[in-house]
Every structure is written in structure tokens, then in C-alpha cells.
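In: Predicted coordinates and the sequence they were generated for:
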Amino acid sequence: MKALTMKTFFGALAVILICTACGGPTSDTTTGAITGTTTGTTTGTTTGTTTGTTTGATTGTTTGSTTGTTGTTETADVTVQISGAGWGTVAGESINCPGTCSAPITIGSAVALVAASGGSSTFAGWSGAGCSGTGTCNVVVTAAETVTATFNVASAADYLLTVDTGTGTGSGAVTGGGIDCGTTCSALVSGTVTLTATPLGDSTFTGWSGPDCSGSGSGPCTVDVTAAKTVTAIFDTPVDVGCAVVSSAK
């Protein structure tokens, strides 16, 4: 009876030990599966999505907006050509021709070109870019423009005609026959020249003095240039008389 009891005891103990060993693998497998799956999925999805979306959107929007706002200023070349058998210069803005005869000018702006004859030459006039005559050439830049200034050699019959505008109290301009005074107040000419006076600001033109032109009036002056001559255009400013108030005490 005792031998049977001991055998049964040891048999039962063996079963218990075997069951205990089986319990170990079951516990390890369950824990590993839960931990691995949970950690991997949560960390990978959260970090990847958040970092990628935030960085991409911020960088793209900021860079694009800044670059577009800076922009560039558009320019077009204004070119001066000098023609004719005479000699002279053209100046205005960054142009000083001969020398610098072309310059980039901001589109939408205007450049004023002034021609001056040299030596025994005379300025015959402008052509191109909407300019003509012998006065200042004003070019409004919308695209590349070319202006031609023509200078001729004065003949033996040409004489120096000079205009003076500085004798009055006002200011003004006189044009005609290659003269554009204020800037060009003398020219070599021959034959008949018609001069026109234009007051500036609040000045008034009060009259001419000199050969062939004299007296008051706002009309043009026609000069027969058969020798060197000087014509004076007089510009004055209005006189402020004011008012005086006289009072008497009784």
C-alpha cells in the first residue's frame, strides 16, 4: 500500500512539473506579441505622418511666397544715333553721346534728350521715337527705342543767332531755328528764323527787344539773319500791389 502511494505521488509530481514547463512558453508568447505589435504600430504611424506633413507644408509655402514678392525691374534700351556731316552731342539720363550712346531705362519712365551742336555745325533735328524738330526730345519708354540726331555743317552764309531771356524778373523759354532757350540759346543759322516765347510758372511775356523784333506783345519774332544777331525776350512776374486800409478816429 505504501509503495503504491509513493509511486502515485511521484507520478503526480511529474505531471505538475510538465504542466509548469508548458505554462512558461504560453506566457512568453502572449507577452511578446502584445508588446511588439502595440509599440511598432503606434510609434511608426505617429512620427512619420506628423513630421512629414508639417515640414513639407511650412517649407513650401514660405519659400514660394518670398520668391514671388521680390521680382525684378524691367528696362529697355534707349539708343542715340548721330548722323549728318556736322558734329554735336546728345545728353540725357545715362546717355552722353558720343561715348555712351545707349542705356537701359526703366519701362514706364521718360528720358529727356538734349542736342548741342559743336564747332561750325548746326543741329538739324530729331527723328525716331516720336521726336521731331530741334527742341528737347522726350522719350516715354515702353520698349527699346532708337533716336537719331542730325547735325549739318554750317555754310559760309550762316551767322550766329543768340537769344537772351535773363533781363526781366520772370522766366520763360524761346524756341525756333535750332534754338531751345533755356538749354540751347544760340545757333548758326541763315535766312529767316521765327522765334516763339513761352512764359513759365506765374511769369508773363512782356515783349521782345533787338534787331527785327521790338515792342510788347505775345506774338512770335521773325528775324532776318544776315549777320550775327542777338534777340532779347523779356519775362516778368506780376507785381503784388496789396491793399491799404485807412481808418480815422473821431
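Out: Here it is on my side, so go on.
In: From Pro199, how far out is Thr226?
Out: In this view, Thr226 and Pro199 are 29 Å apart by CB to CB, to the nearest Å. (Glycine included, C-beta is placed from N, CA and C.)
In: Now do the buried residues in stretch 104-120.
Out: Ile105, Val111, Leu113, Val114, Ala115, Ala116, Ser117 (16 or more other CB atoms under 10 Å).
In: oh sorry, the question was meant for stretch 210-228
Out: Gly210, Asp212, Cys213, Pro220, Cys221, Val223, Val225.
In: For those, which two are the farthest from each other?
Out: With distances taken as CB to CB, the most widely separated pair in the buried residues of stretch 210-228 is Pro220 and Val225, at 14.7 Å.
In: Which residue, neighbours along the chain excluded, lies closest to Ser83?
Out: Sequence neighbours aside, Thr150 is the residue nearest to Ser83 in space, at 5.0 Å (criterion: CB to CB, 6 or more residues apart in numbering).
In: I would like the residues contacting the strand or helix carrying the one you found, please.
Out: In the assignment (DSSP states H and E), Thr150 maps to strand 145-153. Here strand 145-153 makes contact (CB atoms under 8 Å, 6 or more residues apart in numbering) with 76-88, 90, 97, 113, 115, 117-118, 120-129, 131, 137, 139.
In: any chance of the buried residues of stretch 104-120 in TSV, with pLDDT and distance to Gly166 too?
Out: Shown next, in TSV, are those (pLDDT from 0 to 100; distance: CB to CB, whole Å):
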residue	pLDDT	distance to Gly166
Ile105	94	33
Val111	94	28
Leu113	96	25
Val114	95	19
Ala115	94	22
Ala116	92	19
Ser117	88	22
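In: hang on, the earlier thing: what bridges to the residue nearest to Ser83?
Out: Ser83, Gly125 (DSSP bridges).
In: separation between it and Val90?
Out: Distance from Thr150 to Val90, by CB to CB: 11 Å.
In: Map the structural domains onto the sequence of this structure.
Out: Using automatic domain parsing, the domain parsing of the chain gives 75-153, 159-236.
In: so what's the residue lying closest to Gly170 once chain neighbours are set aside up against?
Out: Using CB to CB, 6+ apart and skipping residues adjacent in sequence, the residue nearest Gly170 is Ser203, 2.9 Å away. By CB under 8 Å, 6+ apart, the contact set of Ser203 is Gly168, Gly170, Ser171, Gly172, Phe235, Asp236, Thr237.
In: mind checking which helix or strand Ser132 is in?
Out: Going by DSSP H and E, Ser132 is not in any helix or strand.
In: pretty sure it is touching Asn138, no?
Out: No: in this structure, Ser132 is not within contact of Asn138 by CB atoms under 8 Å, at 11.4 Å.
In: about what we covered before: would you mind checking the contacts of Ser203 for buried ones?
Out: Gly168, Gly170, Ser171, Gly172, Phe235, Asp236.
In: so of the buried residues of stretch 210-228, which ones are in strands?
Out: Among these, the members falling in strands (DSSP state E) are Cys221, Val223, Val225.
In: Would you check how far apart the last one and Gly88 are?
Out: Applying CB to CB, one obtains 20 Å for the distance of Val225 from Gly88.
In: again with Thr162
Out: The gap separating Thr162 from Gly88 is 18 Å, by CB to CB.
In: more neighbours, those two?
Out: Higher neighbour count among Thr162 and Gly88: Gly88, with 21 against 15, using other CB atoms under 10 Å.
In: Look at the more buried one and report its pLDDT.
Out: For Gly88, the model assigns a pLDDT of 91.
In: so who does it touch?
Out: Residues near Gly88 by CB under 8 Å, 6+ apart: Ile82, Ala115, Ala116, Ser117, Gly118, Ser121, Phe123, Ala149, Phe151.
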